[in-house]
Structures are given as structure tokens and as C-alpha cells.
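**Student:** got a predicted model here, sequence first, then my questions.
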Protein chains: 2
Amino acid sequence: MRSDARQNRKRILDATAGLVLEVGGEPSRDAVAERAAVGIGTVYRHFPDRQSLLHATARHVLVRTIEAGESIVSDVDSADALGEYMHAAIDNGIGVVNILHPLLDDTDWPDLQARAGSLMTALIERNRRDHPDRTDLSVGDIAFATIRFGRPLAIGLPPDEDRAIAHGQLARYIDGLHSRIDTTTRTATRATTRTPPLRRPGEQTPT
Amino acid sequence: MRSDARQNRKRILDATAGLVLEVGGEPSRDAVAERAAVGIGTVYRHFPDRQSLLHATARHVLVRTIEAGESIVSDVDSADALGEYMHAAIDNGIGVVNILHPLLDDTDWPDLQARAGSLMTALIERNRRDHPDRTDLSVGDIAFATIRFGRPLAIGLPPDEDRAIAHGQLARYIDGLHSRIDTTTRTATRATTRTPPLRRPGEQTPT
DNA sequence: TCTCAAGCGGAGGCTTATGCTCCGTTTGTG
DNA sequence: CACAAACGGAGCATAAGCCTCCGCTTGAGA
């Protein structure tokens, strides 16, 4: 692969990730090309169909995030590896993977799934060491949180501001995880007393 | 207004809100009509242009949410009005307002803005009474959180499951707010040490 | 019960956005 | 220096969504 081709490939992936985060949903290939500052033909040459582009973008982000996580886990000096990982996941654009998720095939990447699994386990294990008083964290607590906080709060907010809010809120969430044991009872009670969901009475969309 | 017309209007608004939440972005009028189980003509008769439909939908949700909040604030028995409000806001579909926000005119609804303002103030005031040890909550802490947790976590997840996760995460966040004073220093430190944002080096989208 | 204005449904033509191909031009690399 | 590899983007094809129009249905006042 020629060097300029490799570079363009990366530009396209970054552009796609950016668009997914900032505009939401599936970006058009024309928009990707424009943002990546390459021709449309180049996008099509690298990624012949929509699926392959989205797939590669998600993988790109996922790998980047996992690598960041692995380096954090292995840093013995970190006092709160779990929290650091979650913040890093946001900064690496993990939200993209989630937004794209429904468009991807679940059986993709058995390799990455395994790596992500080990990473999560290690983070939880590590957290148990850093904070011996709370031992009930689940993988879902972590994974879903990175997804939630990794998405833009509002389309249209300046990305920097948006990210700042996300980090602030994530910090609160992590605090909450840490105080979890004290409050489990109360929040569980809330969950059952809550008002019913919104949903119109009759109609389904039957296809 | 004839009774069937009023009913249809409501079906259309609920359908729009549901689509915005579950599919994201601006739903097509055809899709709204199908989901509401009315003819396309009916949608156009009630809402002659896109703006008026989205506008009415957002207002619909907003009013519903504010009313829920007002009733919670005035309930003297509630031990945690603020938390209850935030959970209620999710259940009332507050996420819709946020998703639609960039499409709306900021100067709309001075009336509702005032009401929402009073509500927030009352909630914060009330929280200060319920939890005298923490007095530093801001309107942003509340508003942004309802927005964040009110959006679907993942397009494609069953709505019920999605909502359950949201409530669980929100509960953690609220716990975090409550433990805020203890941890402010630590999290503030994190904020400055964090790794830089993702963003490709060169290209802007000029135009 | 009857009447009819108010309201409904949805076929179908128009417009716009996006998908994708194709080929002449440019460029990295041996 | 030669040339395979890679690029750009005009332009046609297709799909998605917009909106009108008019004949049919129905709620509600007399």
C-alpha cells in the first residue's frame, strides 16, 4: 500500500468518526469525502460499500480505546485506573462505536471482544485493589457508562464544550459508583416506585 | 376542534416524540403518519410545515415534564424531590427536547422558560432543605443531566431496557452529586491531567 | 334522525439528497 | 525516469421525502 493511500485511509476513518459524533447517524459518503478533504472516488476505492466504511471506523475507534485502556491498566502508579479509563474512552471517541452499533454485525471482531473483555476484567480487578471497600462493580456499569458519556450531549454544541460537560458528568457518575454501597437500597426503592413510561396506547408499527 | 381531531393531534405528537427518541433526528412526515396510524394528509393539516410539527412536539414534552416537576416539588412528603424530578423527566421523554433543540428557535416559549426556571430554582432550594450538607448544585447539573440520561443509550435497544439502564445510571449520578463535596478536589485534578481530545490534524470543513 | 361542516386518507407528481461509476490526471517508488 | 498505483470529481441513476388535492367519512348541533 502506497504511503499516501494509507494516510488517506486514516483521514477517511477520522472524518467518519467525527461526523458520526457531531452530526449523528450514518454520514453520507459525500460528506465524509468533503470532511476528509479527499475525492469521493477515493472513499469508494477504500471502502466499496457503506458497511465496510462503518465497520472499519468502529474498529478504528475501538482499537484506539482498548489500547489506551491497556496502557492505563498497566500503569502501576495510577490510583484510579478505572476512572481514568472511562475518561480516556470518551476522549477516544468510544461513542462512535455505540452510535454505529445497530448497523454492524454482532459477530464481527471476536478478537477485539476478547481483548475488551480482558481489559474490563482487569479494570474491575484493579479497582477492587484501589478501592477495597466496593467490590460490586459490573462490566455493564463501565461499558454502558462509557457509551452514555461518550455521545455528544447536544448536536450543535461546540465539541470542546460538549466534551467538558461529559467529563464533568462522568466524574459525578464515578463518584456515585464509589458511594454505591451506601445508597443501593434507596435507589432500588426508587426504581420500583417510579412512574410508568411514556408510550401511546394502541398503535404499533407492524411493518 | 372536533374530538377526533384533537385525538389525532395528540397521536401525531406522541408518534413524533417516539420516533425522535428511538430513531433519532428529524423523522420524515410519512414515518410520523404511519406510526401515528393516520393519513399523511392529517399530519399536514395539523402541522403545515416541519417546523411547526417539531415545535409542537418539543413543547408537548416540555409541558408534560414541567407539570410533573411542579407536582413533585409541591409534594411535601418527598424526601428527594430533585432526584424524583430527574427520573420523571426521563420518563416524560425530555430527551426529545434536546434532540430537537438545534432545529428550534431559541426565542420560542418565553413562558415555558420562565416556568422551567422557577421549577429548577425551587428544586435546588428544596434540595438544600432535604440535604443541608450540599449546597452547590447548579441548574446545569440538573438540566444537562436530564438531557444526558433522557436520550436513548443505543438506537436498537428495546426501549424498556434502555430506560431501565438510564434510570440506573441516573441514580449513580445523583449519588455522585450527593457525595460531591468530598471529591471535588480529586475530580478537578483529573480534569486538568486528562489526555487531549480526538481530532485530526489538518483539515477543517471550510465552506 | 338528519345534515353538513369539519375532518380524514392516501395516490401520485415533484424535488432533493445520496449512491456510485468511470476515466483522464497526478504521484509515490523501484 | 517509467509506470502502476492512487487520485478527483462530473454526472447519471435511484431512492427518499415533500406536499397537494379531492372524494369519502364522521362528530355533533338542530
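**Tutor:** On my side now, so go ahead.
**Student:** thought A:Leu53 was touching A:Arg45?
**Tutor:** No. Judged on Cβ atoms under 8 Å, A:Leu53 makes no contact with A:Arg45 at a distance of 11.4 Å. For glycine as for every other residue, the C-beta is placed from the backbone atoms N, C-alpha and C.
**Student:** comparing these two, which residue is more hemmed in?
**Tutor:** The neighbour count for A:Leu53 versus A:Arg45, taken as other Cβ atoms under 10 Å in any protein chain shown, is higher for A:Leu53 (21 against 13).
**Student:** apart from its neighbours in sequence, what residue is nearest the more buried one?
**Tutor:** A:Phe47 (3.8 Å; Cβ to Cβ, 6 or more residues apart in numbering or on different chains).
**Student:** pLDDT on stretch A:39-54, on average?
**Tutor:** Mean pLDDT, stretch A:39-54: 95.
**Student:** heading C-terminal from the strand or helix carrying A:His60, find the next helix or strand.
**Tutor:** Assigned by DSSP states H and E, A:His60 falls within helix A:50-73. As assigned by DSSP H and E, the chain's next helix or strand after helix A:50-73 is helix A:81-91.
**Student:** what residues does the nearest residue to A:Leu103 once chain neighbours are set aside make contact with?
**Tutor:** Excluding the flanking residues, the one nearest A:Leu103 by Cβ to Cβ, 6+ apart is A:Leu54, at 5.4 Å. Shown in contact with A:Leu54 (Cβ atoms under 8 Å, 6 or more residues apart in numbering or on different chains): A:Thr16, A:Glu26, A:Leu100, A:Leu103, A:Leu104.
**Student:** residues touching the most centrally placed residue in chain A, list them.
**Tutor:** By Cα atoms, centre = their mean, chain A has its centre lying nearest to A:Ile94, at 2.5 Å. With contact set as Cβ under 8 Å, 6+ apart, A:Ile94 has these partners: A:Val61, A:Leu62, A:Thr65, A:Thr146, A:Ile147, A:Gly150.
**Student:** again with A:Arg59
**Tutor:** Applying Cβ under 8 Å, 6+ apart, the residues near A:Arg59 are A:Asp108, A:Trp109, A:Leu112.
**Student:** what is the nearest of the residues you listed to B:Arg172?
**Tutor:** A:Leu112 (26.6 Å; Cβ to Cβ).
**Student:** hmm, A:Val63 and that closest one touching each other?
**Tutor:** Yes. Counting by Cβ under 8 Å, A:Val63 is a contact partner of A:Leu112 at 6.9 Å.
**Student:** just the buried residues of the contacts of A:Leu54.
**Tutor:** Of the members of these, the ones counted as buried by neighbours, 16 or more other Cβ atoms under 10 Å in any protein chain shown, are A:Thr16, A:Glu26, A:Leu100, A:Leu104.
**Student:** look up how far A:Thr16 lies from the second one.
**Tutor:** Okay, so that is A:Glu26. 9 Å (Cβ to Cβ, to the nearest Å).
**Student:** reduced to three states, what does A:Asp105 come out as?
**Tutor:** Three-state call for A:Asp105 (DSSP: H, G, I helix; E, B strand; the rest coil): coil.
**Student:** give me the pLDDT for it.
**Tutor:** So, for A:Asp105, pLDDT stands at 73.
**Student:** list the contacts of it.
**Tutor:** Counted by Cβ under 8 Å, 6+ apart, A:Asp105 has contacts A:His55.
**Student:** from A:His55, how far out is it?
**Tutor:** For A:Asp105, the distance to A:His55 - Cβ to Cβ - is 8 Å.
**Student:** from B:Gln169, how far off is A:Gly168?
**Tutor:** Look at A:Gly168 and B:Gln169: by Cβ to Cβ, they are 15 Å apart.
**Student:** and A:Val38, how many neighbours?
**Tutor:** A count of nearby residues for A:Val38, using other Cβ under 10 Å, gives 20.
**Student:** list the contacts for it?
**Tutor:** A:Val38 neighbours (Cβ under 8 Å, 6+ apart): A:Asn8, A:Arg11, A:Ile12.
**Student:** can you name the residues that contact the last one?
**Tutor:** When the contact criterion is Cβ under 8 Å, 6+ apart, the partners of A:Ile12 are A:Val32, A:Ala33, A:Ala36, A:Val38, A:Thr42, A:Val43, A:His46, A:Phe47, A:Leu53.
**Student:** again with A:Ser71
**Tutor:** No contacts exist for A:Ser71 under Cβ under 8 Å, 6+ apart.
**Student:** ok so, going back, filter the contacts of A:Ile12 down to the ones near DNA strand D?
**Tutor:** When the contacts of A:Ile12 are checked against DNA strand D using Cβ under 7 Å from any atom of the strand, the ones in range are A:Val38, A:Thr42, A:His46.
**Student:** let me know the closest of those residues to A:Arg134.
**Tutor:** A:His46 (45.9 Å).
**Student:** any idea how far the closest one is from DNA strand C?
**Tutor:** Using Cβ to the nearest atom of the strand, to the nearest Å, one gets 11 Å for the distance from A:His46 to DNA strand C.
**Student:** next one: A:Asn127
**Tutor:** Taken as Cβ to the nearest atom of the strand, the span from A:Asn127 to DNA strand C is 42 Å.
**Student:** mean confidence for the helix or strand hosting A:Asp111?
**Tutor:** According to DSSP H and E, A:Asp111 maps onto helix A:110-130. For helix A:110-130, the mean per-residue pLDDT is 92.
**Student:** again with stretch A:153-164
**Tutor:** On average, stretch A:153-164 scores 86.
**Student:** give the buried residues for that stretch.
**Tutor:** A:Leu153, A:Ala154, A:Ile155, A:Leu157, A:Asp162, A:Arg163.
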